[in-house]
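Visitor: A predicted structure for the sequence below; I have some questions about it.
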Amino acid sequence: MTEPRTRVATIKVGGIGQIKKKELIPFTRQTASMLNAGMSILSSVSTLEEQTSHAGFRIVLRNLRENIESGMPFSDGLRLFPRIFDDMYVNMVAAGEKSGQFAAVLKRLAIMMDASARLLRKVKSAMAYPIVVLSLALVIAAGIITFVVPIFKDMFEGFGAKLPAPTQLLVNLSNFIRNNWYFLLGGIGATVFGFKKWLASTSGRYKFDQFLLKLPVFGDLTQKVAVARFCRLFAQMLSSGVPILDAMQVVARSMGNKVIETAILSARSGIEQGNTLSSSLENKPCLPVLMIRMIAAGEKSGRIDEMLESVADTYDDEVETTLATLTSLMEPLLMVFLGVLIGGIVVALFLPIFKLGTVVSGGG
């Protein structure tokens, strides 16, 4: 077993995010198609270099073409751009080069990345609506409390009577925010900075990911997304000829969750000691029993990569169902939240006016 190669030199290119989102999947798919059509890898890269409209990606392709012309393997050229081509991508390409299934591996890569991107888009789309609505609600509430309540406060003071408790609470909150806004902003900034520093640490990230997995509904969703990603990536790497230990190490780093990453690396150690994949994955609370049982069945039948793909499809479907359910439940819940928050503020503001006769007469 050979460990993934350590990168000793890299090349920096601008627009990394845009390349990964908009260029990488078409590049992979088109390269596979041209190789299947009988073109060489040099001709394929040269053709794509001429066609691409992204200046940064053109630099990448030009560098790849020059390295291939100098005799460097395609996978080694990819290693020079680690922020674009990750370990999974490079290792699968390298395995394809060695096995003679270069075009097939690239096609698998394109399909896998397309499926992962589609799932990620669905998750982001489902989460975007409640986040935007909640953010707007909080901004509106803060604006009312900061700028509108003082106007009503001046009017209330002219009554010369004790205000209702909800109104007085709102006035006190407004006074506190207006008099201490710099402390509040500083506190929020310090909290965000401290949280990011804590999250950047290994222990902090692990504890936060552990917390995410324990959340009701969202924890289950996080687990299913990670499991689907693990199964799909692992299946593709095994199908492409990547050694199982290399594949597990690369896939573990692609999970985006430290708890699940640690569980996979622990299972990798079990395989090194001679255990089967399914037995090594057992007794990991963050991994579902269904996945482990299906992997065990795949080991017995000798079709583990197909079984992993089946597990990935199953959890992809479950994620889509969960997202659809969440989206349908979010709308009424958000309406209730908005009604309570904004409606409560408005009622508190107008409560003295509703009782104007009593307040003006000094009845309280």
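Guide: In hand now; what should we look at? Numbering: from 1, shown residues only.
Visitor: Quick check: mean pLDDT of whatever helix or strand Leu213 lives in?
Guide: Per DSSP states H and E, Leu213 falls inside helix 202-214. Averaged across helix 202-214, pLDDT comes to 90.
Visitor: Can you list the low-confidence ranges for this structure?
Guide: Counting by pLDDT under 70, the chain shows low-confidence ranges at 1-18, 21, 157-161, 355-364.
Visitor: distance of Leu78 from Ser46?
Guide: From Leu78 across to Ser46, the span is 16 Å (CB to CB, to the nearest Å). Backbone N, C-alpha and C define where each C-beta goes, glycine included.
Visitor: Which elements pack onto the helix or strand just after the helix holding Leu213?
Guide: The helix or strand immediately downstream of helix 202-214 is helix 218-239, counting by DSSP H and E. The contact analysis (3 or more CB pairs under 8 Å, 6 or more residues apart in numbering; DSSP states H and E) places helix 218-239 against helix 87-99, helix 102-143, helix 202-214, helix 244-252, helix 258-272, helix 304-354.
Visitor: will you turn those into JSON lines that also has mean neighbour count and distance to Phe193?
Guide: As requested, the helices and strands packed on helix 218-239 are arranged in JSON lines below (neighbours: other CB atoms under 10 Å; distance: least, CB to CB, whole Å):
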{"stretch": "helix 87-99", "mean neighbour count": "21", "distance to Phe193": "30"}
{"stretch": "helix 102-143", "mean neighbour count": "16", "distance to Phe193": "20"}
{"stretch": "helix 202-214", "mean neighbour count": "14", "distance to Phe193": "13"}
{"stretch": "helix 244-252", "mean neighbour count": "20", "distance to Phe193": "29"}
{"stretch": "helix 258-272", "mean neighbour count": "19", "distance to Phe193": "21"}
{"stretch": "helix 304-354", "mean neighbour count": "16", "distance to Phe193": "27"}
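Visitor: To Glu66, which of those helices lies closest?
Guide: helix 87-99 (17.8 Å; CB to CB).
Visitor: now for the closest one, which elements pack on it?
Guide: Secondary-structure packing of helix 87-99 (3+ CB pairs under 8 Å, 6+ apart): helix 74-78, helix 102-143, helix 218-239, helix 244-252.
Visitor: Redo those helices as CSV? Include distance to Ala297.
Guide: As requested, these are arranged in CSV below (distance: least, CB to CB, whole Å):
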stretch, distance to Ala297
helix 74-78, 33
helix 102-143, 22
helix 218-239, 13
helix 244-252, 17
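Visitor: Distance to Thr31 for the helices and strands packed on helix 218-239 - can I get that in a markdown table?
Guide: Below are the helices and strands packed on helix 218-239 laid out as a markdown table (distance: least, CB to CB, whole Å):
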| stretch | distance to Thr31 |
| --- | --- |
| helix 87-99 | 10 |
| helix 102-143 | 5 |
| helix 202-214 | 35 |
| helix 244-252 | 21 |
| helix 258-272 | 29 |
| helix 304-354 | 22 |
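Visitor: okay but Pro150 is in contact with Ser174, surely?
Guide: Yes - if you go by CB atoms under 8 Å, Pro150 and Ser174 touch, sitting 6.1 Å apart.
Visitor: Which one of these two is surrounded by more residues?
Guide: Neighbour count, other CB atoms under 10 Å: between Pro150 and Ser174, Ser174 has more, with 19 against 14.
Visitor: Contacts for the helix or strand harbouring that one next, please.
Guide: Using DSSP H and E, Ser174 sits within helix 165-179. Around helix 165-179, the neighbours that count as contacts under CB atoms under 8 Å, 6 or more residues apart in numbering are 142, 145-146, 149-150, 152-153, 156, 162-163, 184, 344-345, 347-349, 351-352.
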